[in-house]
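**Q** Dropping a prediction and its sequence here:
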Amino acid sequence: MTLFDVYPLFPINIVRGRGCRVWDDQGTEYLDLYGGHAVISIGHAHPHYVEAVSRQVGQLGFYSNSVVNALQRELAERLGRACGYDDYSLFLINSGAEANENALKLASFHTGRSRVLSARKAFHGRTSLAVEATDNPKIIAPINANGHVTYLPLNDLAVWEAELAKGDVAAVILECIQGVGGIQLATPEFAQGLAEACRRNGTVLICDEIQCGYGRSGKFFAHQWLGIRPDIITVAKGIANGFPMGAVLIGPQFEAVYGRLGTTFGGNHLACAAALAVLDVVEDEGLVENARLVGDHLLNALRQMAAATPLITDVRGRGLMIGIELSQPYKEVRQRLLFDEHVFTGCAGTNVLRLLPPLCLSTAEADAFLDKFWRVLA
């Protein structure tokens, strides 16, 4: 049997990591500004995380959701305090796509409606409803194209208000910072107007914080920069630092009905131990504030660099979620960063480099990247 070949792979076998650095099987060290696609939040192989997960797997890795799991309850309390939503409820699953899938189902149950509004360039996952809400026809199979979703331009409030006024929209799903879309930011004016239009028309507002949340923007959630309070929040990626986990934070107006939602593996003991260890490190090491400070440092330096070279046409982002738009396709620059300078970066579209490093990135490591990046551009 062979692997189903769906990923274009770099010929690099990563075998070890520590903090913001990883090593391949040849002993080559790389600076990781990709974080395994924004998943590594507290850094690779953090000692406290390793100890907590190892201890839990030695006690009990899994039992079903038919019994009390005290770790789930502890995680709900801790997460509520950390993000400021202690009056919300928590539903735990395995991934970001599942989080969005369940959020959209909840909105539909709650409103009795079936229509969804999503933004152009949005990415919300690859399961049935989540992929239909993703603006990429290449990954929407015929069986998923059910006509539930209307795509609208980000930050064009009048267009969204007109659609919401029709009174048939169950949910708006929004990334306040689009990741796959190339680090496009919702404006406060748009987000606040959209939230008000949702309230006025009885529509559920879902903020997809799977990539931009969990401290990456320099606040716990990216929507907290915009002065809005969504009805439902979805998270995954950084919540457990690489252990598969997702979650839905559900506002107090939603009714829990036995049997309506469910999961086999979601919120298992091992996943909860990993997520609790992440919260320990985020709080103890001030990683949300670090993301803001080091992110500001990077953004300012990159904008100065952009003023000095026509190869950079725009720099945008918040915290440690940064897009560098180039005047040429990113492929050569990204490959030279990886193979010549040993730096992992992400990408979007055809000409945007994405920086999604662990939230523990230091100023010294950021400066090391800037030096390497300038060498590549020069």
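**A** Received, thanks. Residues are numbered from 1 along each chain as shown.

**Q** Now do the SS call for the residue lying closest to residue 327 once chain neighbours are set aside.
**A** Take residue 327 and drop its neighbours on the chain: the residue closest to it by C-beta to C-beta, 6 or more residues apart in numbering is residue 313, 5.1 Å away. Backbone N, C-alpha and C define where each C-beta goes, glycine included. State at residue 313, reduced to three classes by DSSP: H, G, I helix; E, B strand; the rest coil: strand.

**Q** any idea how far residue 154 is from residue 179?
**A** 13 Å (C-beta to C-beta, to the nearest Å).

**Q** Compare those two (neighbour count), which wins?
**A** Neighbour count, other C-beta atoms under 10 Å: between residue 179 and residue 154, residue 179 has more, with 25 against 20.

**Q** Can you verify my assumption that the more buried one contacts residue 354?
**A** Yes - using C-beta atoms under 8 Å, residue 179 is in contact with residue 354, at 7.0 Å.

**Q** Let me see the confidence value for the residue nearest the centre of the chain.
**A** Among the residues of the chain, the one closest to the centroid is residue 211, at 1.0 Å (C-alpha atoms, centre = their mean). Looking at residue 211, its pLDDT reads 98.

**Q** Go ahead and confirm it touches residue 356.
**A** Yes - if you go by C-beta under 8 Å, residue 211 and residue 356 touch, sitting 7.5 Å apart.

**Q** overlap in contacts of those two?
**A** 38, 179, 321 (C-beta atoms under 8 Å, 6 or more residues apart in numbering).

**Q** In a markdown table: the residues you listed, plus secondary structure, distance to residue 371 and pLDDT.
**A** Shown next, in a markdown table, are the shared contacts of residue 211 and residue 356 (DSSP: H, G, I helix; E, B strand; the rest coil; distance: C-beta to C-beta, whole Å; pLDDT from 0 to 100):
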| residue | secondary structure | distance to residue 371 | pLDDT |
| --- | --- | --- | --- |
| 38 | helix | 24 | 97 |
| 179 | coil | 26 | 97 |
| 321 | strand | 22 | 98 |
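
**Q** how about low-confidence regions in the stretch 51-200 of the chain?
**A** The stretch 51-200 of the chain contains no residues with pLDDT under 70.

**Q** now the helices: where do they sit in it?
**A** 70-83, 96-111, 128-132, 157-164, 188-201 (DSSP state H, counting those that start in this stretch).

**Q** These into a markdown table, with extra columns for distance to residue 366 and mean neighbour count?
**A** Formatted as a markdown table, the helices of the stretch 51-200 of the chain follow (distance: least, C-beta to C-beta, whole Å; neighbours: other C-beta atoms under 10 Å):
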| stretch | distance to residue 366 | mean neighbour count |
| --- | --- | --- |
| helix 70-83 | 25 | 17 |
| helix 96-111 | 26 | 24 |
| helix 128-132 | 33 | 22 |
| helix 157-164 | 35 | 16 |
| helix 188-201 | 27 | 18 |
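
**Q** Rebuild those helices as JSON lines, extending it with distance to residue 48.
**A** Converted to JSON lines, the helices of the stretch 51-200 of the chain look like this (distance: least, C-beta to C-beta, whole Å):
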{"stretch": "helix 70-83", "distance to residue 48": "15"}
{"stretch": "helix 96-111", "distance to residue 48": "24"}
{"stretch": "helix 128-132", "distance to residue 48": "32"}
{"stretch": "helix 157-164", "distance to residue 48": "43"}
{"stretch": "helix 188-201", "distance to residue 48": "35"}
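
**Q** Relative to residue 369, which of the ones you listed is closest?
**A** helix 96-111 (26.3 Å; C-beta to C-beta).

**Q** Contacts only, for residue 192.
**A** With C-beta under 8 Å, 6+ apart, residue 192 has these contacts: 226-228.

**Q** From residue 199, how far off is it?
**A** 11 Å.

**Q** distance of the nearest residue to residue 210 once chain neighbours are set aside from residue 211?
**A** With sequence-adjacent residues excluded and distances taken as C-beta to C-beta, 6+ apart, residue 210 is closest to residue 96, at 3.8 Å. Distance, residue 96 to residue 211, using C-beta to C-beta: 8 Å.

**Q** where do the contact lists of those two overlap?
**A** Common contacts of residue 96 and residue 211, defined by C-beta under 8 Å, 6+ apart, comprise residue 237.

**Q** Domain parsing of this protein, as residue ranges.
**A** 14-32+286-377, 48-284 (automatic domain parsing).

**Q** can you list the ones you listed in a markdown table and add distance to residue 6?
**A** Conversion of these to a markdown table gives the following (distance: least, C-beta to C-beta, whole Å):
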| stretch | distance to residue 6 |
| --- | --- |
| domain 14-32+286-377 | 17 |
| domain 48-284 | 11 |
